[in-house]
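1. Here is my input, please return the structure:
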Amino acid sequence: MPSIAAYDFPEFIETVCFLKDRPAFALADGTLRLPAGGETSLVLHEGGLLSAVYDSSGKRLLTGGEDGRVVATIDGEQIEEIAAIGRRWIGAVAGGPNGAVGFASGRSAYVVPAKGALKELKHPRTVEGLAFAPKGLRVATAHYDGASLFFPATDAGPAMLGWKGAHLDAAFSPDGRFLVTIMQENALHGWRLDDGKHMRMTGYPAKVKDWSWSAKGKFLATSGAPAAILWPFSGKDGPMGKAPIELGTRGNAMVTAVACHPAEDMLAIGYNDGMILAVRFADSKEALLRRGGSSPVRTMAWDRAGRLLAFGAESGEAGVVDIAG
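-> Below you'll find the predicted structure:
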């Protein structure tokens, strides 16, 4: 049985990541906790944290808060202010190639290149989520009735990708060929970017609240069902006309968090009863990582070596699983 270093925090855990190989837990109260090796606590935002994401290209945590600030931390001990827009809530943040940072507030998305001035991208509706393409300075925003594609280094208008309904978040496939959004309804939607062809990914009994690309980008793993749903993206048509893989099926629980292993075709699956499983893609073999807890697993992240899995739950329960025991 894998060993667990357990922690208990007083607030909802928004996201978890590893900073310089130390597990870091970003809490809704605006603090960042690094409990391993002598606890460190860092105040990221006054008033509360609203959005957080690990920027793998910059090896840093990006967060936005109720204080209208976007900050970054590499080591969990010092923060760098990326932008400040007054007392406006930052509802989404994203990291991009070459040190670029994007964030959203109300009907505007903003892009801050590593070198250069902040650029505002105005929208007719609220920007719910955003993502950077893996190469070049190209950003996608998710909003009502579809997504928009911008080249923020130019003054060109956006390319519109339409689909009726509310789109809450966006992600490019690792090869840059597809854009996928999470919808308010129990579905994902996607577009093949070279021709705009639609991809409908439906059938979920609940909203998709977490997703993770596999190490080689062949699958997109998602929550929102009694099993982790993995959509295939290896072919030229992506998931169009293909059935997804289902892993870790449990008849009495729902998947609430997913995290693909950084090197192997293996997935960590968190459930609404606090259980965590590790499941291999090839043969669906399961390993129990955590028996359960008092609330749904909210967020999970692997360390670079793929040996440690950090997790955080809605109640503040958290921990680090050493899969080697």
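2. list the contacts for Thr222?
-> If a contact means Cβ atoms under 8 Å, 6 or more residues apart in numbering, then Thr222 has Leu188, Tyr204, Val208, Asp210, Trp211, Ala228, Ile229, Leu230, Trp231, Val258 as its contacts. Glycine gets a C-beta too; all of them are placed from N, C-alpha and C.
3. Could you list the low-confidence segments of the stretch 1-150 of the chain?
-> Across the stretch 1-150 of the chain, not a single residue meets the criterion (pLDDT under 70).
4. got a list of what the closest residue to Ile13 other than its chain neighbours touches?
-> Closest residue to Ile13 apart from its sequence neighbours, by Cβ to Cβ, 6 or more residues apart in numbering: Gly312 at 3.0 Å. Residues in contact with Gly312, defined by Cβ under 8 Å, 6+ apart, are Phe9, Ile13, Glu14, Thr15, Val16, Phe25, Val297, Arg298, Thr299, Met300, Ala318.
5. Show the backbone phi and psi for Gly312.
-> Dihedral pair for Gly312: phi -140, psi 140, per degrees, to the nearest 10.
6. Which strand residues bridge it?
-> Beta-bridge partners for Gly312, by DSSP bridges, are Thr299, Ala318.
7. helix or strand for Gln78, which one?
-> Assigned by DSSP states H and E, Gln78 belongs to neither a helix nor a strand.
8. and the nearest residue to Ala159 once chain neighbours are set aside, how many neighbours?
-> Excluding its sequence neighbours, the residue lying closest to Ala159 (Cβ to Cβ, 6+ apart) is Leu149, at 4.3 Å. Using other Cβ atoms under 10 Å, Leu149 has 18 neighbouring residues.
9. The one 10 residues further on too?
-> Other residues near Ala159 number 14, with proximity taken as other Cβ under 10 Å.
10. again, but for Ile182
-> Ile182 has 25 neighbours, counted by other Cβ under 10 Å.
11. which residues touch it?
-> Listed by Cβ under 8 Å, 6+ apart, the contact set of Ile182 reads Gly129, Ala142, His167, Leu168, Asp169, Ala170, Leu188, Lys207, Val208, Lys209, Trp211.
12. are any of those residues buried, and which?
-> The neighbour-count test (16 or more other Cβ atoms under 10 Å) marks Gly129, Ala142, His167, Leu168, Asp169, Ala170, Leu188, Val208, Lys209, Trp211 as buried among those.
13. and those residues as TSV, adding secondary structure and distance to Asp75?
-> Shown next, in TSV, are these (DSSP: H, G, I helix; E, B strand; the rest coil; distance: Cβ to Cβ, whole Å):
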residue	secondary structure	distance to Asp75
Gly129	strand	27
Ala142	strand	31
His167	strand	34
Leu168	strand	31
Asp169	strand	27
Ala170	strand	29
Leu188	strand	35
Val208	coil	32
Lys209	coil	29
Trp211	strand	27
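14. Now do the SS call for Asn98.
-> State at Asn98, reduced to three classes by DSSP: H, G, I helix; E, B strand; the rest coil: helix.
15. Just the C-alphas of stretch 164-175, formatted as PDB.
-> Only the C-alpha atoms of stretch 164-175 are listed here, as PDB (Å, rounded to 0.1, in the frame of the first residue of the first chain):
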ATOM      1  CA  LYS A 164     -24.400  27.600 -28.700                       C
ATOM      2  CA  GLY A 165     -24.200  27.600 -24.900                       C
ATOM      3  CA  ALA A 166     -21.900  28.700 -22.100                       C
ATOM      4  CA  HIS A 167     -18.300  27.700 -22.400                       C
ATOM      5  CA  LEU A 168     -16.400  27.800 -19.100                       C
ATOM      6  CA  ASP A 169     -12.800  26.900 -19.800                       C
ATOM      7  CA  ALA A 170     -10.500  26.200 -22.800                       C
ATOM      8  CA  ALA A 171      -7.500  23.900 -23.500                       C
ATOM      9  CA  PHE A 172      -5.400  23.300 -26.600                       C
ATOM     10  CA  SER A 173      -4.200  19.800 -27.400                       C
ATOM     11  CA  PRO A 174      -0.500  19.500 -26.800                       C
ATOM     12  CA  ASP A 175       0.200  19.300 -30.500                       C
END
